[in-house]
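Engineer: fold the following, please.
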Amino acid sequence: MDNGLILYITLFIPLDLVAIFYMLLGRRKKNDAMNFKSDIMNFERAIATHQYKSINKYGFRLIQNTQLTMKHLSAMSKSVNSLKDDNEELKELRSVIYNKYLNWSRGYLNNKF
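Structural biologist: The predicted structure follows:
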């Protein structure tokens, strides 16, 4: 094998993979920003009409969205917990919302290894 080919394989192919990864990540953030407001509105509409499948669908979309903030997460938690029904689908969504809250609220400054 030629030294130039080995250099190309070891340097440029991994750099190309990293560039593709960041391009896909940017595309995901752009799509999340475009869909965030409509997902919030659809989630609130589903809460108001007690449509459990829609609550579950849009709740999971919002949890996975990169634009979600702690303010929106706490509002989601309050609205899902305000429904007193013991629906199996909503139990899973409540658990995911709670786990996301725990993940965001843990402190990293006082960790001891």
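Engineer: list the contacts for the spatially most central residue of the chain?
Structural biologist: Against the mean C-alpha coordinate of the chain, by CA atoms, centre = their mean, the closest residue is Q64 at 1.8 Å. Q64 sits next to no residue when contact means CB atoms under 8 Å, 6 or more residues apart in numbering. From N, CA and C alone the C-beta is placed, and that goes for glycine too.
Engineer: ok, I40 next?
Structural biologist: Counting by CB under 8 Å, 6+ apart, I40 touches 62, 72.
Engineer: which SS class is it?
Structural biologist: What DSSP: H, G, I helix; E, B strand; the rest coil gives for I40 is helix.
Engineer: do you know how far S105 is from S82?
Structural biologist: S105 sits 21 Å away from S82, going by CB to CB, to the nearest Å.
Engineer: ok, now how distant is the residue nearest to the centre of the chain from I13?
Structural biologist: Separation of Q64 from I13 (CB to CB): 30 Å.
Engineer: pLDDT below threshold where in this protein?
Structural biologist: 1, 86, 107-113 (pLDDT under 70).
Engineer: now do stretch 72-83: everything it contacts.
Structural biologist: The contact list for stretch 72-83, computed with CB under 8 Å, 6+ apart, reads 40, 43-44, 47, 50, 55, 59, 62, 90, 93-94, 97-98, 100-101, 104.
Engineer: what lies in contact with stretch 92-108?
Structural biologist: Stretch 92-108 is contacted by residues 55-56, 59-60, 63, 70, 73-74, 76-77, 80-81 when judged by CB under 8 Å, 6+ apart.
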